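Asker: Below: sequence and its predicted model.
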Amino acid sequence: MSKTKNNLFFLNYLKAEEIYLDNTEFKFQLETHPNYPTLLSFYDTLHFFNINSFATKITDKSTIHLPKSFIAEIKYKNTLQLYFVQKNNTEYTIFSDENNNEIFSENDFKDVWSGIVLIVENNNIGLSKNNKRFKNKTLKNIILMSFILFATYCSLWLGISILLIFTGVFLSIEAIKQGYYIETDFSSKFCNATADLDCNTIINSDKFKIFKTFGFSDISIVFFIAQFIGVLFFISTNSIIDFTKLSLYTLLASIPITLVSIYYQWRVVKKWCVVCLGIISVIYAELIMSSLYYYTIPNNANINAISFLYFIILFIIPLIGWLLIKPIITKYYTLQSENKKLIKFKRNYSLFKHSLLAERKINYKNLESVISIGNKSSKLKVSIVTNPMCNFCKKAHLLIEELLHKYSDNIHLNIHFSFLPSNEKNDPKDVLHYKLIDIYLRQGEDKFMEALGDWFINKDFEKWFSIYGRSTNNESEIKNLLKKQHLNNRNNSILFTPTIFIGEYNYPQIYEREDVLLYIEELLEDKEVLI
């Protein structure tokens, strides 16, 4: 399968199909897939989010049944990659990113198309379109109301200044995200729109940093946050004129830094950073606004010494704060990057299978159970030995529920109770086990899973008995069944709960039990594991 350069094309495709997911979680699950960035990794990730999809190769390249939007493997610009394609009658638009696309005729499209497609079905997964719009609209309204507030109660100049500071903070945050290689909607739209634009190269260059750690993005975030705090403070102290003068001097002092940045982009790297240029534009816009306002101030309005001291302090506070916070943020994203690598390593099915086959093997006849759930004709058998009294078995039960939720048509689950009935009459532990098995035999697997789940949630005998009752019609038969299961477990050295078997193999201890969800698709195709 072909590989692709980024995830943006796929997110745009999901957006076109009105499927809205948590982009961070989607990228994490996708990028930790062992086969990323192949088509298989995208297909498996969609399945993880319960999004119906199918991938196929149309050998004759027939386009009759293709939907309006789909993912296709295309040889575009001499590279075979996956692209988001939109169909409009006999025209096909190939989107290489947010701003670049090319329209092909049907014959030209067939020439570059390999025949492989991936198509999703919108089954209302994720956030709704209205929720997305609501969030974006709310943020815009907050900024607009802030502008109106300052423009109404203070002055139009101050309102525009606040709007510029908000813009500066936003662009500074974008620059910081670029420094950590975090892809955002803004950066994906503007930072690589043409060959001359490259925000990452500029922002992450060590040549434009102090001590190789404090760069243009750090200076800008400190500068604009200090400005925002300063505006609020000096308005509250009725000293906005002092703030205007001090800001003007600060903006004038920043001109050399902006010129160095422009020269560095223009002559050294020969690439332009849209975010950096945006920040520089905001600074110059502020400089023009402050200069115009400066000439309306009376000549005898001198700067108060206390105001100057406050101004310095208000710049030092965000500087110190950022110097303290930045190492934490850096460590977080470093650990996140390492975590992705480790999870990608863990999700490698070949390694899991090697570990599984190295575990002890038990004849499947000894793993079969009266309590069987799911597709009983499935060749993928998962056996779980559990005990309602075991605290760790609650997680095992949640795992069973998730397996059934996602793969009830594909797997067969055997459930064993590791429990030896006592000889005491009306022992609540005995009655609980008798009743659970009785529920399964008389009311079926759904009611059994509900009753077992309720027990693990509350673990309250009286409350559980009040819902499901105590009496059973076949107590002696169930008691013998439990004794037989207990003896069988002992004979096969199954001494601890929960214990899981995949096929005839004990689940590897080096893997978390929940990790089995990562390998179900491969297990369903593995003849060495299937029964």
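Answerer: That came through, no problem.
Asker: Neighbours of Ala396, how many?
Answerer: 22 (other CB atoms under 10 Å). (C-beta placed from N, C-alpha, C; glycine too.)
Asker: If you could redo that for Glu183, that was the one I meant.
Answerer: Neighbours around Glu183, by other CB under 10 Å: 18.
Asker: Was I right to think it contacts Phe9?
Answerer: No. Judged on CB atoms under 8 Å, Glu183 makes no contact with Phe9 at a distance of 12.0 Å.
Asker: Can you read off the pLDDT for Leu139?
Answerer: Here the pLDDT value assigned to Leu139 is 54.
Asker: Actually, Thr4.
Answerer: pLDDT, Thr4: 46.
Asker: what do you get for Asn122?
Answerer: Asn122 is given a pLDDT of 69.
Asker: Ile71 now?
Answerer: 88.
Asker: next one: Asp206
Answerer: pLDDT, Asp206: 75.
Asker: One more: Ile373?
Answerer: Per the predicted model, pLDDT is 92 at Ile373.
Asker: That one: which element?
Answerer: strand 371-374 (DSSP states H and E).
Asker: Residues in contact with that strand: which ones?
Answerer: 400, 403-404, 407-417, 437, 440, 445, 448-449 (CB atoms under 8 Å, 6 or more residues apart in numbering).
Asker: List the strands paired with that strand, with their directions.
Answerer: Note on strand 371-374: by DSSP bridges, its sheet partners are strand 412-417 (antiparallel).
Asker: List the contacts of the helix or strand following the partner strand.
Answerer: Following strand 412-417 in sequence order, the next helix or strand is helix 428-443 (DSSP H and E). Applying CB under 8 Å, 6+ apart, the contact partners of helix 428-443 are 370-371, 388-389, 417, 419, 421-422, 424, 447-448, 451-452, 455, 461, 464-465, 468-470, 472-475, 478-479, 481-482.
Asker: among those residues, which are in helices?
Answerer: The helices in this structure, assigned by DSSP state H, contain 447-448, 451-452, 455, 461, 464-465, 468, 475, 478-479, 481-482 from those.
Asker: Make a PyMOL selection of whichever of these turn out to be buried.
Answerer: The following PyMOL line selects those of the ones in helices among the contacts of helix 428-443 that are buried, judged by 16 or more other CB atoms under 10 Å:
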select buried, resi 448+451+452+455+464+468+475+478+479+481+482
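Asker: Let's have the ones in helices among the contacts of helix 428-443 in JSON lines, adding pLDDT and distance to Asp196.
Answerer: JSON lines is the format used below for the ones in helices among the contacts of helix 428-443 (pLDDT from 0 to 100; distance: CB to CB, whole Å):
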{"residue": "Lys447", "pLDDT": "94", "distance to Asp196": "66"}
{"residue": "Phe448", "pLDDT": "93", "distance to Asp196": "65"}
{"residue": "Ala451", "pLDDT": "93", "distance to Asp196": "66"}
{"residue": "Leu452", "pLDDT": "93", "distance to Asp196": "63"}
{"residue": "Trp455", "pLDDT": "92", "distance to Asp196": "65"}
{"residue": "Phe461", "pLDDT": "91", "distance to Asp196": "72"}
{"residue": "Trp464", "pLDDT": "93", "distance to Asp196": "69"}
{"residue": "Phe465", "pLDDT": "92", "distance to Asp196": "74"}
{"residue": "Tyr468", "pLDDT": "91", "distance to Asp196": "70"}
{"residue": "Glu475", "pLDDT": "86", "distance to Asp196": "81"}
{"residue": "Ile478", "pLDDT": "89", "distance to Asp196": "76"}
{"residue": "Lys479", "pLDDT": "90", "distance to Asp196": "80"}
{"residue": "Leu481", "pLDDT": "91", "distance to Asp196": "75"}
{"residue": "Leu482", "pLDDT": "91", "distance to Asp196": "74"}
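Asker: hmm, who's touching stretch 80-94?
Answerer: Contacts of stretch 80-94 (CB under 8 Å, 6+ apart): 2-5, 9-10, 12-13, 16, 39, 42, 63, 66-74, 76, 95-96, 101-106, 109, 114, 118.
Asker: at 6 Å what do you get?
Answerer: 2, 4, 9, 12-13, 66, 68-74, 95, 101-104, 106, 109 (CB atoms under 6 Å, 6 or more residues apart in numbering).
Asker: how about the CA coordinates for stretch 35-44, as PDB?
Answerer: Provided in PDB are the C-alpha atoms of stretch 35-44 (Å, rounded to 0.1, in the frame of the first residue of the first chain):
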ATOM      1  CA  ASN A  35       1.600   0.400   9.600                       C
ATOM      2  CA  TYR A  36       1.200   4.200   9.600                       C
ATOM      3  CA  PRO A  37       0.900   5.900   7.200                       C
ATOM      4  CA  THR A  38      -0.500   3.200   4.900                       C
ATOM      5  CA  LEU A  39      -4.100   2.800   3.800                       C
ATOM      6  CA  LEU A  40      -4.400   0.000   6.400                       C
ATOM      7  CA  SER A  41      -3.600   2.300   9.200                       C
ATOM      8  CA  PHE A  42      -6.400   4.700   8.200                       C
ATOM      9  CA  TYR A  43      -8.900   1.900   7.700                       C
ATOM     10  CA  ASP A  44      -8.100   0.400  11.200                       C
END
